[in-house]
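S.K.: show me the folded form of this:
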Amino acid sequence: MERERLGSRIGFILLSAGCAVGIGNVWKFPYITGQYGGAVFVLIYLLFLVILGIPVMTMEFSIGRAAQKSPVHMYQQLEKKGTKWHIHGLAAFLGNFILMMCYTTIAGWMLQYFVRTAAGAFSGMDAQQVGGAFESMLSDPVSMTVYMAAVVIAGFAINSIGLQKGLERITKYMMGSLIVLILLLAVNSIFLQGAGDGLRFYLLPDLQRTLDAGIINVIVAAMNQAFFTLSLGMGAMAIFGSYLGKDRALMGESIHVAALDTFVALCSGLIIFPACSAYGVQVSSGPKLIFITLPNIFNHLPLGRLWGSLFFLFMFFAAFSTVLAVFEVLIACTCDLTGWSRKKACLINCIAVLVASMPCILGFNVLSGFHPLKAGNTIMDLEDFAVNNVLLPLGSLVLVLFCTRKRGWGWDNFTKEANTGSGVQVRPWMRWYVSCLLPVIIFALFIVGMIQYFA
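M.R.: Numbering: from 1, shown residues only. You can find the predicted model right below:
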């Protein structure tokens, strides 16, 4: 059966960016920036995005386009006989499934907060009441299940329509809407009275704040954020590469995807930091920034209910774009493994994800006494650890080694595929860095991440 193709280059870029744009951009990036000193962190983050993220993304796109298969079969098309690189394909399939076991719950939170904000549920609440509303949501498995199920069913329903008519078309509309929303929200925040201090914190480097946070801590945090923001190492970008034609060189496409991903992350800071400054809120307040701090701010804004609704709609679009993209990975892998039709693969995966997502939801209430890995952990923390601390860095390491080692696909085959078409190309002088230094950096990130997590 002939492999499906995306209808346009812009569809490919938006779909790949939609996978990369997610909670890491619009939730984690602002509060990590706040915790690590502001503008200097942002500059270091941008540097590592270029030297870490773009090369690995180019490799993942290249493997997918060359193999024309999903992760579970792409290595078999390219690896030398007797080698075991294909084991990573199965690990990537598993990793995407584990990611959806918790990510669909977070997407459900965003949808629920959009509905509740639009309905005026937070209007008139003080800070303590807004905090209580978040805890109340976590203690209610029924409402979380309803919203998670809405996300899962809608996601697989869209994907079941087809690659071009379903996934690509909806992603174009959703990413276009996301960009419009983020610009509206950013402009509104920038012109709030008292927003100047937040803008200065975010945009003007201050070495003293960096020293206070610890320069090594800032570098490691920026490196981690730059590496993980693009969702590399689990085959999602390889899938979209497999749907791409040969008319464009892949490093240029990686740059476009990374630029759009970064634009969304930077704009999310332009929404949050001026608003926090205008209302005297700590920008380093951590994960609760989105669900507790910002609803309090919206309660004090002129037309706050409108702006709050738009913000959580933007957050939902960011999360749902990733859900749709990862669902496509699960569907493609299932079709390759079983030979099922797209619609059957969607139905079976929909049921599987609905069932597998329940432990994450129950971990906040019914199973709240279960603390995996270390004290205070939830089941969501365990699933997040498996993906972000293990599968993403080790998967990316496998991709780099596969593309640069003679026992793998090899540098010559990789560059031939990556440089096919017009646009920015991989240069010979990059070989030493990509082959020798990049694997060391990725492995060091993995080790440092483990040490930090358990310390």
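
S.K.: flag the shaky bits of the chain, pLDDT-wise.
M.R.: Within the chain, the segments meeting pLDDT under 70 span 1-3, 283-288.

S.K.: list the buried ones in the helix or strand residue 106 falls within?
M.R.: In this structure, residue 106 sits in helix 87-118 according to DSSP states H and E. Using 16 or more other Cβ atoms under 10 Å as the test for burial, helix 87-118 gives 88-89, 91-117. C-beta: built from backbone N, CA, C; applies to glycine.

S.K.: and after that helix, which helix or strand comes next?
M.R.: Helix 87-118 is succeeded, C-terminally, by helix 127-138 (DSSP H and E).

S.K.: same for the very next helix or strand once past that next one, what does it pack against?
M.R.: Next in sequence after helix 127-138, counting helices and strands by DSSP H and E, comes helix 141-161. Contact here means 3 or more Cβ pairs under 8 Å, 6 or more residues apart in numbering; DSSP states H and E; on that basis helix 141-161 packs against helix 87-118, helix 127-138, helix 304-338, helix 342-356, helix 358-362.

S.K.: report the inter-axis angle for helix 141-161 versus helix 127-138.
M.R.: Counting by axes from the mean of the first three to the mean of the last three Cα atoms, to 10 degrees, helix 141-161 lies at 60 degrees to helix 127-138.

S.K.: in stretch 169-187, what's buried?
M.R.: Neighbour counts over stretch 169-187 (16+ other Cβ under 10 Å) mark 169, 170, 171, 172, 174, 175, 178, 179, 181, 182, 185, 186 as buried.

S.K.: of these, which belong to helices?
M.R.: 169, 170, 171, 172, 174, 175, 178, 179, 181, 182, 185, 186 (DSSP state H).

S.K.: for the host helix or strand of residue 223, give me every contacting residue.
M.R.: Taking DSSP H and E as the criterion, residue 223 maps to helix 215-228. Outside helix 215-228, the residues that touch it by Cβ atoms under 8 Å, 6 or more residues apart in numbering are 24, 28-29, 32, 35-37, 40-41, 44-49, 52-53, 56, 210, 388, 392-393, 396, 441-442, 445, 448-449, 452.

S.K.: in contact with residue 423, which residues?
M.R.: Neighbouring residues of residue 423 by Cβ under 8 Å, 6+ apart: 248, 249, 251, 252, 253.

S.K.: next, it: phi, psi?
M.R.: Per-residue torsions, residue 423: phi 120, psi -170 (degrees, to the nearest 10).

S.K.: could you find the closest non-adjacent residue to it?
M.R.: residue 252 (3.1 Å; Cβ to Cβ, 6 or more residues apart in numbering).

S.K.: with residue 247 instead?
M.R.: Nearest non-adjacent residue to residue 247, counting by Cβ to Cβ, 6+ apart: residue 421, 4.9 Å away.

S.K.: residue 125 now?
M.R.: On the basis of Cβ to Cβ, 6+ apart, the spatially nearest residue to residue 125 that is not a chain neighbour turns out to be residue 299, at 6.5 Å.

S.K.: so the one you found sits against residue 127, correct?
M.R.: No. Counting by Cβ atoms under 8 Å, residue 299 does not reach residue 127; the two are 9.0 Å apart.

S.K.: more crowded one of the two?
M.R.: The residue with more neighbours, out of residue 299 and residue 127, is residue 299; 19 against 13, by other Cβ atoms under 10 Å.

S.K.: and that one, what element?
M.R.: Assigned by DSSP H and E, residue 299 falls within helix 294-300.

S.K.: next one: that helix to chain centre, how far?
M.R.: Computed by Cα atoms, centre = their mean, to the nearest Å, the chain-centroid distance of helix 294-300 equals 26 Å.

S.K.: and it, what's buried?
M.R.: Neighbour-count burial for helix 294-300, counted by 16+ other Cβ under 10 Å, picks out 294, 295, 296, 297, 298, 299.

S.K.: closest one to residue 369 out of those residues, please.
M.R.: Closest approach to residue 369 among the buried residues of helix 294-300 (Cβ to Cβ): residue 295, at 28.6 Å.

S.K.: tell me the contacts of that closest one?
M.R.: Contacts of residue 295 (Cβ under 8 Å, 6+ apart): 113, 117, 122, 125, 130, 133, 308.

S.K.: out of these, which are buried?
M.R.: Neighbour counting over the contacts of residue 295 (16+ other Cβ under 10 Å) leaves 113, 117, 122, 130, 133, 308 as the buried ones.

S.K.: need the max-distance pair from those.
M.R.: By the measure Cβ to Cβ, 133 and 308 form the most distant pair in the buried ones among the contacts of residue 295, at 12.7 Å.

S.K.: joint contacts of the two?
M.R.: Taking Cβ under 8 Å, 6+ apart as the criterion, residue 133 and residue 308 both touch 122, 295.

S.K.: how about the contacts made by residue 116?
M.R.: 122, 133.

S.K.: what's the burial count for the residue nearest to residue 157 when sequence neighbours are not counted?
M.R.: Spatial nearest neighbour of residue 157, excluding adjacent residues (Cβ to Cβ, 6+ apart): residue 346 at 7.7 Å. Residue 346: 25 surrounding residues under other Cβ under 10 Å.

S.K.: swap in residue 215?
M.R.: 14.

S.K.: ok, now residue 124?
M.R.: Residue 124: 8 surrounding residues under other Cβ under 10 Å.

S.K.: relative to residue 274, how far out is the nearest residue to it once chain neighbours are set aside?
M.R.: Once flanking residues are discounted, residue 124 sits nearest to residue 299: 7.3 Å by Cβ to Cβ, 6+ apart. The spacing between residue 299 and residue 274, counted by Cβ to Cβ, to the nearest Å, is 17 Å.

S.K.: check residue 65 too.
M.R.: Separation of residue 65 from residue 274 (Cβ to Cβ): 41 Å.

S.K.: can I assume residue 26 is in contact with residue 266?
M.R.: No. With contacts counted by Cβ under 8 Å, residue 26 stays clear of residue 266, the gap being 10.7 Å.

S.K.: what is the burial count for the closest residue to residue 49 other than its chain neighbours?
M.R.: Excluding the flanking residues, the one nearest residue 49 by Cβ to Cβ, 6+ apart is residue 226, at 4.2 Å. By the criterion of other Cβ under 10 Å, residue 226 has 23 neighbours.
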